[in-house]
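1. mind folding the following:
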Amino acid sequence: MDIVAATNNSGKAKEFAEILKDLGITVLTMKDLGISVEIPETGKTFAENAMIKAREVEKLCNLPVLADDSGLCVNALDGAPGLYSARFAGIGATDSELRAKLLKAMEGEKDRSAFFISSVAMLFPDGRSLTAEGRVHGEITESERGNGGFGYDAIFYCPEIGKTFAEAEPYEKDKVSHRARALGELYKKLKGVR
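-> Below is the predicted model of the structure:
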């Protein structure tokens, strides 16, 4: 089955492809199909934003569309950056700038607990839709560790693997990540509608 990833984030598209390849699902990017659209994230929840993205891209192609909205929620910051994870340091900020702003906000904080959340939505050309959510709990490190991954990976320590996501090999992260868990739940639902 071919699906389109409703994202301009190459890191997310790559993760989708890696996680879903063994399930017989080929992930096409918007770029592969010549789709160039910025989708406003106007939802009040991660799930709403994922569905908004799926609907916008589905209008432009005749294939199933997979969308994700995800973020990092830090307990000491009352859940921030949360829905605004990608824009926490301003629109167009680099991953490095995002991490730097979060580390600055966490200076002196004793409670470093946090979780990543991923809400995924799959929309089919016939109007059917599926949704799922995944989370992974961990803590914010005091400095960056590792060179892999993207976004906040270098400052998110995952106790399940004993390292930051940026220190982990992709296959290690893909076993425990919020996105992998959400896609695993989505796949269970997908088997029932194929």
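
2. ok, for residue 26, nearest residue in space, not its chain neighbours?
-> residue 2 (4.9 Å; Cβ to Cβ, 6 or more residues apart in numbering). Any C-beta I mention is one placed from the backbone N, CA and C, and that applies to glycine too.

3. test my guess that the one you found contacts residue 24.
-> No. The pair residue 2 and residue 24 fails to qualify as a contact (Cβ atoms under 8 Å) at a distance of 10.4 Å.

4. the more surrounded of the two?
-> Between residue 2 and residue 24, counted using other Cβ atoms under 10 Å, the more crowded position is residue 2 (10 against 7).

5. list the contacts of that one.
-> Counting by Cβ atoms under 8 Å, 6 or more residues apart in numbering, residue 2 touches 25, 26, 28, 63, 64.

6. and the fourth one, what's its pLDDT?
-> pLDDT, the model's per-residue confidence, is 94 for residue 63.

7. how many neighbours does it have?
-> For residue 63, the neighbour count with other Cβ under 10 Å is 17.

8. any low-confidence regions in this protein?
-> Low-confidence segments of the chain (pLDDT under 70): 193-194.

9. nearest spatial neighbour of the residue positioned nearest the centre of the chain, skipping sequence neighbours?
-> By Cα atoms, centre = their mean, the chain has its centre lying nearest to residue 70, at 4.2 Å. The spatially closest residue to residue 70, leaving aside those adjacent along the chain, is residue 118, at 4.0 Å (Cβ to Cβ, 6+ apart).

10. ok so the one you found is a strand residue?
-> Yes. Residue 118 sits within a strand when classified using DSSP: H, G, I helix; E, B strand; the rest coil.

11. what about it, how many neighbours?
-> 26.

12. ok, it to residue 61 distance?
-> Separation of residue 118 from residue 61 (Cβ to Cβ, to the nearest Å) stands at 22 Å.

13. returning to what we had before: what's the helix or strand for the residue nearest to the centre of the chain?
-> Taking DSSP states H and E as the definition, residue 70 sits inside strand 65-74.

14. next one: residue 179
-> Following DSSP H and E, the helix or strand that holds residue 179 is helix 178-191.

15. list the residues that contact the residue nearest to residue 179 when sequence neighbours are not counted.
-> Nearest residue to residue 179, sequence neighbours excluded (Cβ to Cβ, 6+ apart): residue 118, at 4.5 Å. Applying Cβ under 8 Å, 6+ apart, we find residue 118 in contact with 46, 68, 69, 70, 133, 134, 135, 177, 178, 179, 181, 182.

16. 10 Å - rerun?
-> The contact partners of residue 118, by Cβ atoms under 10 Å, 6 or more residues apart in numbering, come to 12, 15, 46, 50, 68-71, 132-136, 177-183, 185-186.

17. in ChimeraX, select just the buried ones from the residues you listed.
-> Those of these that count as buried under 16 or more other Cβ atoms under 10 Å are selected in ChimeraX with:
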select :12,15,46,50,68,69,70,71,132,133,134,136,177,178,179,180,181,182,183,185,186
